[in-house]
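**Q** Here is my input, please return the structure:
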Amino acid sequence: MNCLKIGKDTVIYQGEALSVLHSLPSASVDAVITDPPYSTGGMTLASKQQDPCKKYQNSGTKKTYPAMLGDTRDQRSYTFWATWWLSECWRIAREGSPLLVFTDWRQLPTITDAIQAAGWLWRGVVVWQKPSARPAIGEFRREAEFVIYGSKGKPSIHSRRCFPGVFKCPVNAATKVHITGKPVALLQELMGVVVDGGTVLDPFLGGGTTAHAALLTGRKCIGVELSPEYAKLSAERLLEIV
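**A** Next up is the predicted model:
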């Protein structure tokens, strides 16, 4: 497990999420915001185990990304695995901390079950509308992903703002560094439920978007990333704004 420190507010651990989470102290972070591998993108096991660049990218897209790891679990193992890491996150979070977990329509039932099995209170589903979603001839366009909202016990309220339940936010292909990377602007909006100056834990940091948004909004971040290539890329990206 390698540890990269960026400035005084961000730490990136390069390693397997469960192993790193076991090492973190209890009640030490103010929020968990993460975008775990979905292990979807197909209706059969064979299609789920394809290269993520084929599963999650429009055909003909020329931009390539580093390999995405940990995205080939079947449905049963995905449920067990999600419950394990969410349980560790529950331990590490302080009482009242918010939980925000990205998912797609296929894993929506699974991740909501895992969140509750891990001890979190399930409080709702936030919709991210993606204007650039693939068309579906003769069907409904899958132009939404979801952010499952939960809390550790009764949520701590840090703002008088009423946040929307639907965010329409385009993907900026020019700045995207991960095959499933989310827009920084979206993460900045979601940071509104985190106490000012608080610490956000992201066990699946990917291209570093959560840490990027945390820094831009005056918060700290502890990130974990399995891929050495993405951990390095995240650190380089964050050094540009420190």
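**Q** Any regions of this protein where pLDDT drops low?
**A** Where the chain drops to pLDDT under 70, the residues are 41-68, 70, 174, 177-178, 180.
**Q** and with 50 instead?
**A** 42-43, 55, 59 (pLDDT under 50).
**Q** In space, not sequence, find me the middle residue of it.
**A** For the chain, D35 is the residue whose C-alpha lies nearest the centre (C-alpha atoms, centre = their mean; 1.7 Å).
**Q** before we move on, which element is the residue lying closest to it once chain neighbours are set aside in?
**A** Excluding the flanking residues, the one nearest D35 by C-beta to C-beta, 6 or more residues apart in numbering is F102, at 4.1 Å. (Glycine included, C-beta is placed from N, CA and C.) Element membership of F102 [criterion: DSSP states H and E] is strand 98-103.
**Q** all strands in this structure, in order from the N-terminus.
**A** 2-6, 10-14, 31-34, 98-103, 121-129, 144-151, 166-168, 199-202, 220-225 (DSSP state E).
**Q** what's the third one packed up against?
**A** Applying 3 or more C-beta pairs under 8 Å, 6 or more residues apart in numbering; DSSP states H and E, one finds that strand 31-34 contacts strand 98-103, strand 199-202.
**Q** ok so, going back, grab the CA positions of the strand holding F102 and hand them over as PDB.
**A** Only the C-alpha atoms of strand 98-103 are listed here, as PDB (Å, rounded to 0.1, in the frame of the first residue of the first chain):
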ATOM      1  CA  PRO A  98     -23.700  11.500   4.700                       C
ATOM      2  CA  LEU A  99     -23.100   8.700   2.200                       C
ATOM      3  CA  LEU A 100     -23.400   9.200  -1.500                       C
ATOM      4  CA  VAL A 101     -22.800   6.200  -3.800                       C
ATOM      5  CA  PHE A 102     -23.100   6.300  -7.600                       C
ATOM      6  CA  THR A 103     -24.700   3.500  -9.400                       C
END
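**Q** Show me what it is packed against.
**A** strand 31-34, helix 75-92, helix 108-117, strand 144-151.
**Q** in its sheet, what does that strand sit against?
**A** strand 31-34 (parallel), strand 144-151 (antiparallel) (DSSP bridges).
**Q** Which residue comes closest to L121 once chain neighbours are left out?
**A** Closest to L121 by C-beta to C-beta, 6+ apart is S151, at 5.2 Å.
**Q** picking that back up, can you say which of the strands paired with strand 98-103 is nearest to K5?
**A** Ranking the strands paired with strand 98-103 by proximity to K5 (C-beta to C-beta) places strand 31-34 first, at 19.9 Å.
**Q** Determine the number of other residues adjacent to the closest residue to K182 other than its chain neighbours.
**A** Nearest residue to K182 in three dimensions, chain neighbours excluded: T209, at 5.4 Å (C-beta to C-beta, 6+ apart). By other C-beta atoms under 10 Å, 27 other residues sit near T209.
**Q** Tabulate the strands paired with strand 98-103 in CSV, adding columns for distance to A93 and mean neighbour count.
**A** CSV is the format used below for these (distance: least, C-beta to C-beta, whole Å; neighbours: other C-beta atoms under 10 Å):
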stretch, distance to A93, mean neighbour count
strand 31-34, 6, 26
strand 144-151, 9, 20
